[in-house]
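>>> got a sequence here, can you build the structure:
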Amino acid sequence: MAVDSNFEDESFDLSEIEGSSDQPIFLYDGTKVLGDSGISCKKYDFTNPIVLSDADLSKLRTKSEQFTYYLAGHLSMFLRIEFNLELEDLTADLYSNFTQSIKTPSCVTMFKMQELNGVSLLDINSHLSATVVDRILGGRGSTNPEERGLTDIEKALVEDFNQIILQEWCKQWESTMTLTPSIIGSESTGKFLQTSPSDAMMLIMSMEASFGDVSGPMRIAVPYYTMEPVLSRLLAAATSEEKKAPRPPRWHEVYDNIPVQVSAEWDAFELSLRDLTNLDVDDVIEMDPSLIEKTKLRIENRTCFTGEVGLEGDQVAFQVNESIADAVKLIGKNHG
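Numbering: from 1, shown residues only. Predicted coordinates for the structure are as follows:
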């Protein structure tokens, strides 16, 4: 959700809304809500609408978690030290809000994807960048805690580090679209950045990085209009897969005590009508012993399983050897 800088992100009770006691309040689904229901509300700026739903952001968050996992491994090999990376958040916000949140000094890298329009930003804590330089030069990964901007030489040294991040970031989209990143410049503050309109919506991935004795934030901010072609394909494909995925069977507690007719049967033999009429008490009918292994378990007069009959203690038991899936599904539909 995009929130204006003058718009505090705070929650409040329905009772705090002026006139809420006199006017009916309804949820999105039309349900009427009482003022003392305990439901909390959140301010929303209608001038800056959400560009992605919570469900869409959740899908992207899963993809981003995979990205941070692989990136941490890649950077660990590059720096020859354990590099930890954790996804903090994935949000959408205005370009102006993002640039104002960049600390000074910082290490902001401007980059673009050759296949897409727009310029994106990689914001790395200056202390973190200085420690990367120390490690590249053979140090142990420790620096003076005083934050400062990088010199031109240090910026050149840290460029390979930044390039790995951008390449790994583009790689996560390769199943949807091949992207090629290229660095086009850098800044030490957000005050002079003018790579997008101030009201452009940005997708911002925030991470917390740590290695050696230092830790700090890393952020990747990409204009929504830049990523829209990729996201539309990705989310459309994800929705399509969800529709194709089989729904798990639903079960309700009310089903627990529903009686179901179950019987075990054999296709044993044929008798003529004369032999059948001559059957009497104590007569013995011989059957092939292999029939025991071909017992059919019928539920509501439908054969659902095959197996064999035997004894379990002093109880007659049936062991299931094979399931006739279509029949089981049909029984579920009839009773669901």
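
>>> outline the domain layout of the protein.
1-48, 54-244, 258-280+287-335 (automatic domain parsing).

>>> need the winner for burial among those.
Mean neighbours per residue, mean count of other Cβ atoms under 10 Å, is largest over the domains of the chain for domain 54-244, with a mean of 17. C-beta coordinates here come from the backbone N, C-alpha and C atoms, glycine included.

>>> quick one: mean pLDDT over it.
Domain 54-244 shows a mean pLDDT of 89.

>>> which stretches of the stretch 101-250 of the chain form helices?
Chain-ordered helices for the stretch 101-250 of the chain, with DSSP state H, counting those that start in this stretch as the definition, fall at 126-136, 152-171, 224-244.

>>> mind putting the ones you listed into a markdown table with distance to Glu270?
A markdown table is the format used below for the helices of the stretch 101-250 of the chain (distance: least, Cβ to Cβ, whole Å):
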| stretch | distance to Glu270 |
| --- | --- |
| helix 126-136 | 84 |
| helix 152-171 | 68 |
| helix 224-244 | 47 |
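
>>> which one of those lies closest to Asp213?
Closest to Asp213 of these is helix 126-136 (Cβ to Cβ; 8.2 Å).

>>> so which of the helices of the stretch 101-250 of the chain comes closest to Thr180?
Between the helices of the stretch 101-250 of the chain, helix 152-171 lies closest to Thr180; by Cβ to Cβ that is 6.8 Å.

>>> still on that earlier bit, of the helices of the stretch 101-250 of the chain, which is nearest Glu208?
Closest of these to Glu208 is helix 126-136, at 10.0 Å (criterion: Cβ to Cβ).

>>> what's the closest one in contact with?
With contacts defined as Cβ atoms under 8 Å, 6 or more residues apart in numbering, helix 126-136 is touched by 79-81, 103, 105-107, 140-145, 147-150, 154, 157-158, 160-161, 188, 209, 211-212, 214-218.

>>> looks to me like Leu297 is in a strand.
Yes: judged by DSSP: H, G, I helix; E, B strand; the rest coil, Leu297 forms part of a strand.

>>> secondary structure class for the closest residue to it other than its chain neighbours?
Computed as Cβ to Cβ, 6 or more residues apart in numbering, the closest residue to Leu297 that is not its neighbour in sequence is Phe305, at 4.2 Å. Under three-state DSSP, Phe305 falls in the strand class.

>>> contacting residues around Phe305?
Applying Cβ under 8 Å, 6+ apart, we find Phe305 in contact with Lys296, Leu297, Val320, Asn321, Glu322, Ser323, Ile324, Val328.

>>> quickly list what it is bridged to.
Legend: beta-bridge partners of Phe305 under DSSP bridges are Leu297, Ser323.

>>> and the pLDDT for it?
Per-residue confidence (pLDDT) for Phe305: 84.

>>> relative to Ala92, how far out is the residue lying closest to Leu137 once chain neighbours are set aside?
Nearest residue to Leu137, sequence neighbours excluded (Cβ to Cβ, 6+ apart): Leu157, at 7.3 Å. Distance, Leu157 to Ala92, using Cβ to Cβ, to the nearest Å: 33 Å.

>>> now do Leu122 against Phe318, distance only.
From Leu122 to Phe318 the distance is 64 Å (Cβ to Cβ).

>>> pretty sure Ile220 is touching Leu121, no?
Yes: counting by Cβ atoms under 8 Å, Ile220 does reach Leu121; the two are 7.4 Å apart.

>>> would you map the strands across this structure?
In the chain, the strands defined using DSSP state E lie at 11-13, 25-26, 32-33, 40-42, 84-94, 106-113, 120-125, 181-187, 201-211, 214-223, 262-265, 295-299, 302-312, 315-323.

>>> Throw these into JSON lines and include distance to Leu273, thanks.
Compiled in JSON lines, the strands of the chain are given as follows (distance: least, Cβ to Cβ, whole Å):
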{"stretch": "strand 11-13", "distance to Leu273": "81"}
{"stretch": "strand 25-26", "distance to Leu273": "73"}
{"stretch": "strand 32-33", "distance to Leu273": "71"}
{"stretch": "strand 40-42", "distance to Leu273": "78"}
{"stretch": "strand 84-94", "distance to Leu273": "77"}
{"stretch": "strand 106-113", "distance to Leu273": "83"}
{"stretch": "strand 120-125", "distance to Leu273": "86"}
{"stretch": "strand 181-187", "distance to Leu273": "85"}
{"stretch": "strand 201-211", "distance to Leu273": "80"}
{"stretch": "strand 214-223", "distance to Leu273": "82"}
{"stretch": "strand 262-265", "distance to Leu273": "21"}
{"stretch": "strand 295-299", "distance to Leu273": "24"}
{"stretch": "strand 302-312", "distance to Leu273": "26"}
{"stretch": "strand 315-323", "distance to Leu273": "30"}
